[in-house]
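**Q** Have a look; sequence and predicted model below, questions after that.
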Amino acid sequence: MIKVIFVCLGNICRSPMAEAVFRDLTVKAKLDRYISVDSAGTGNWHVGEPPHEGTLSILRKHHIPTEGLIGRVITEEDIRENDYIIAMDESNVRNIKALAGKNDAHKIHLLLDFLPDEDIREVPDPYYTGNFEYVYNLIRRASEALLHHIKDKEKLNAS
């Protein structure tokens, strides 16, 4: 099983959105039995809380299931056990690297690294901007590219 975890600051906006979008993509590609998807935050302000209403609203608008999305903090175990640790911004990369050992640093990526032609490198936080639709579109395109990357690298087929 290939394990992917998305990470943002509070685990209520960007990372649960990415978790839901990526999980939906794996299901539609019939790869969900090969890829597990999770999310976490680097801060503990929203542990045990559901995603922000803006995230839930945009996911419902796009008919993406939201069950099981609950705020939590990334752990050292998450870093050891996940194959792909996908951060939303550089601040979260630094926070993850502070937890990670040297052997796990190669697993940590920015989500927008999978969209090299995009003008920005970090997914903006809609908690502050309110622009959930824009963030959804970035996450959707980057998640599609990430899934393509994983399929190629891990030689996965839906068979």
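**A** Thanks, I have it. Numbering: from 1, shown residues only.
**Q** Next, N44: secondary structure please.
**A** Under DSSP: H, G, I helix; E, B strand; the rest coil, N44 falls in the coil class.
**Q** The residue lying closest to it once chain neighbours are set aside: how many residues sit nearby?
**A** Among residues not flanking N44 along the chain, V73 sits closest, at 5.0 Å (Cβ to Cβ, 6 or more residues apart in numbering). Every C-beta, even on glycine, is put in place using the N, C-alpha and C of the backbone. Neighbour count for V73, taken as other Cβ atoms under 10 Å: 17.
**Q** Give the bridge partners for V73, please.
**A** Here V73 sits in beta bridges with G41, going by DSSP bridges.
**Q** The chain should start at 36 in everything you say after this.
**A** Shifting the count to begin at 36 puts that one at V108.
**Q** report the longest helix in the protein, please.
**A** Longest helix in the chain, counting residues (DSSP state H): helix 167-189.
**Q** Can you name every helix or strand that that one contacts?
**A** Using 3 or more Cβ pairs under 8 Å, 6 or more residues apart in numbering; DSSP states H and E as the contact criterion, the elements in contact with helix 167-189 are strand 37-43, helix 49-63, helix 88-96, strand 119-122, helix 161-164.
**Q** Using PDB, write down the CA coordinates of the longest one.
**A** Extracted C-alpha coordinates of helix 49-63, given in PDB (Å, rounded to 0.1, in the frame of the first residue of the first chain):
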ATOM      1  CA  ARG A  49      -6.200  22.900   2.600                       C
ATOM      2  CA  SER A  50      -5.000  19.500   3.700                       C
ATOM      3  CA  PRO A  51      -8.500  18.000   4.300                       C
ATOM      4  CA  MET A  52      -9.500  19.400   0.900                       C
ATOM      5  CA  ALA A  53      -6.500  17.800  -0.700                       C
ATOM      6  CA  GLU A  54      -7.200  14.500   1.200                       C
ATOM      7  CA  ALA A  55     -10.800  14.400  -0.100                       C
ATOM      8  CA  VAL A  56      -9.900  15.400  -3.600                       C
ATOM      9  CA  PHE A  57      -7.000  12.900  -3.900                       C
ATOM     10  CA  ARG A  58      -9.100  10.100  -2.400                       C
ATOM     11  CA  ASP A  59     -11.900  10.800  -4.800                       C
ATOM     12  CA  LEU A  60      -9.300  10.700  -7.700                       C
ATOM     13  CA  THR A  61      -7.900   7.300  -6.500                       C
ATOM     14  CA  VAL A  62     -11.400   5.900  -6.200                       C
ATOM     15  CA  LYS A  63     -12.400   7.100  -9.700                       C
END
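**Q** Perfect, that will be all.
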